[in-house]
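In: everything below, folded, please.
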Amino acid sequence: MAYLKKRGNIIWIKHYDKLCGTQKEFSTKIRATRDGWIEAKKLLKHIESNDDIAQNYVQRDSKMSLDEGKDEYISLKRLKPSTIDLYDTSVKILKECCGEKAISEYNKNDFKKLLLYFDKKKYSKNTQGIYTAHLHALFAYFKNSGYLRENIITIVKKDTKVPEKIDDADLKVILHTLYSKGNKDQYYLIMFLLITGFRISSALALKWESIDYVNGFIIAPNVKKDREFFFPLTDDLKLLLDMMGRKKEGNVFNYSEDGLKFFYRVQQALIKHKDGAKITKRYTMHQLRKTFITKLLEQGIPIHIVKSLADHSNVSTTMKYYAAVNVQKMNEVMNTSRVFGDILWDNKRLKE
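Out: Below is the predicted model of the structure:
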């Protein structure tokens, strides 16, 4: 028994095998238009006339190219342009190292070639993790659609990095330099990111209309997850917004991604200062967010509140910061308390 169904804007065939008690779905690759439904019905009738619908249709799709399969997968999803770019790049890399061929012809050896390609190009584990995660999702779709028998891609685990905050002394110098430059807009943006911990994309998408002064909160956009979250209108935040000059509508910050390069340039000037380096190293703008989260935990703010303020989807993300802060505190306590006193290093034989 088989029938047609719509998924996204593509018509699919759903087949139930009474003898085996199994069901499978196959994409017709036909768009769900008026003419498309007519064409799909004819296709279904043709396939049903054969004894084995599943085997017949898999054979029909056995020569589907990787690009065709990727385009079909993307057409069924609601993906942001940046995510689509990652799928495009991931597929391009796989074709570069394994050649362009039908989906059904890819196998585990191709995944091994992909890993060798990553090593040759010296891609970090994080970069490998991003590309393999997208390819894994794509090949999972191919497997579920019957285009190949197994998912050949295994996701490479990313390196676990301890979140690194900005050094307090360096932060003071950077803020003072931005303020004294005369371009207050740059200073305001960095201060906002620092005292809210917002992702850069969220700050740039924030509207004045989303700031509720009466009830004391911001309805902030999470561009990454395509949703919103609440953030309290703290005293520091109110003071900063007053300095900026409150407005009724429009973007709070008028910067593009290219316009944020000033943060790098000001640090570059501080490091190469004629009187010697004024800061110890360069930092990314994202480290302002890491500094915000770390500072909250250092002040003893409960982890569930920090999770909400940082708008983390999973508490395990917050736990990375929590663990880093706790290890640092334990190290400081152990070093200052000197648990063993002079017992360990007051041995004459060790000194000789």
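In: use CA for all of it now, contacts and neighbours both
Out: Fine.
In: residue nearest the centroid of the protein?
Out: Lys224 (7.1 Å; CA atoms, centre = their mean).
In: wait, a strand at that residue?
Out: No. Applying DSSP: H, G, I helix; E, B strand; the rest coil, one finds Lys224 to be coil, outside a strand.
In: tell me who's in contact with the residue nearest to it when sequence neighbours are not counted.
Out: In this structure, Lys224 finds its nearest non-sequential neighbour in Ser201, 7.7 Å apart by CA to CA, 6 or more residues apart in numbering. Applying CA atoms under 8 Å, 6 or more residues apart in numbering, we find Ser201 in contact with 222-224.
In: now those residues in CSV, with distance to Tyr283 and pLDDT?
Out: Listed next are the contacts of Ser201 as CSV, based on distance: CA to CA, whole Å; pLDDT from 0 to 100:
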residue, distance to Tyr283, pLDDT
Asn222, 23, 91
Val223, 23, 87
Lys224, 22, 77
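In: and the residue nearest to Lys224, how far from Lys108?
Out: Distance of Ser201 to Lys108, computed by CA to CA, to the nearest Å: 38 Å.
In: just to revisit the earlier point, ok, so of the contacts of Ser201, who is nearest Leu241?
Out: Nearest to Leu241 among the contacts of Ser201: Asn222, at 20.2 Å, using CA to CA.
In: what's opposite the closest one in the beta bridge?
Out: Arg227 (DSSP bridges).
In: wait, it sits on Phe230?
Out: No. With contact defined as CA atoms under 8 Å, Asn222 does not count as touching Phe230 (10.1 Å).
In: those two - which one has more neighbours?
Out: In terms of neighbours (other CA atoms under 10 Å), Asn222 is the more surrounded of Asn222 and Phe230; the figures are 19 against 14.
In: contact partners for that one?
Out: By CA under 8 Å, 6+ apart, the neighbours of Asn222 are 201-202, 228-229.
In: how near is Gln328 to Thr291?
Out: 14 Å.
In: cool, and Lys14?
Out: From Lys14 to Thr291 the distance is 51 Å (CA to CA).
In: list the buried residues in the helix ranked longest in the chain.
Out: Looking across the chain with DSSP state H, the single longest helix is helix 315-337. Buried residues in helix 315-337, counted by 16 or more other CA atoms under 10 Å: 318, 321-322, 324-325.
In: who are the packing partners of the strand ranked longest in the chain?
Out: Assignment by DSSP state E gives strand 22-31 as the longest strand of the chain. Packing partners of strand 22-31 (3 or more CA pairs under 8 Å, 6 or more residues apart in numbering; DSSP states H and E): strand 10-17, helix 34-48.
In: what about the helices in the stretch 151-300 of the chain?
Out: 168-180, 184-196, 200-205, 235-244, 262-271, 286-298 (DSSP state H, counting those that start in this stretch).
In: just want the angle from the fifth one to helix 168-180.
Out: Orientation check (axes from the mean of the first three to the mean of the last three CA atoms, to 10 degrees): helix 262-271 against helix 168-180 gives 110 degrees.
In: single out the most deeply packed of the helices and strands packed on strand 22-31.
Out: strand 10-17 (a mean of 19; mean count of other CA atoms under 10 Å).
In: with adjacent residues omitted, what lies nearest to Met319?
Out: Ile303 (7.8 Å).
In: next one: that neighbour from Val315, what distance?
Out: 8 Å.
In: before we move on, what about Lys77?
Out: For Lys77, the distance to Val315 - CA to CA - is 27 Å.
In: next: Thr280.
Out: Taken as CA to CA, the span from Thr280 to Val315 is 32 Å.
In: next: Leu240.
Out: 29 Å.
In: also Tyr141?
Out: Counting by CA to CA, the gap from Tyr141 to Val315 is 29 Å.
In: likewise Ile103?
Out: From Ile103 over to Val315 (counting by CA to CA), the distance is 38 Å.
In: pull the number of nearby residues for Asp110.
Out: As a measure of burial, Asp110 has 18 neighbours, counting by other CA under 10 Å.
In: in three-state terms, label it for me.
Out: Per three-state DSSP, Asp110 ends up helix.
In: so the longest strand of the chain versus strand 10-17, what angle?
Out: Going by the same axes, to 10 degrees, strand 22-31 makes 160 degrees with strand 10-17.
In: one step back: and of the contacts of Ser201, the nearest to Tyr147?
Out: Nearest to Tyr147 among those, with distances taken as CA to CA, is Lys224, at 30.9 Å.
In: so what's Val266 up against?
Out: Val266 neighbours (CA under 8 Å, 6+ apart): 174, 177-178.
In: quick one, which of these are buried?
Out: 174, 178.
In: low-confidence ranges, the stretch 1-150 of the chain, go.
Out: 1, 8, 16-24, 50-62 (pLDDT under 70).
In: mind redoing it with 80?
Out: For the stretch 1-150 of the chain, the stretches with pLDDT under 80 are 1-3, 7-9, 14-29, 46-63, 76, 78, 80, 145-146.
In: understood, closing this out.
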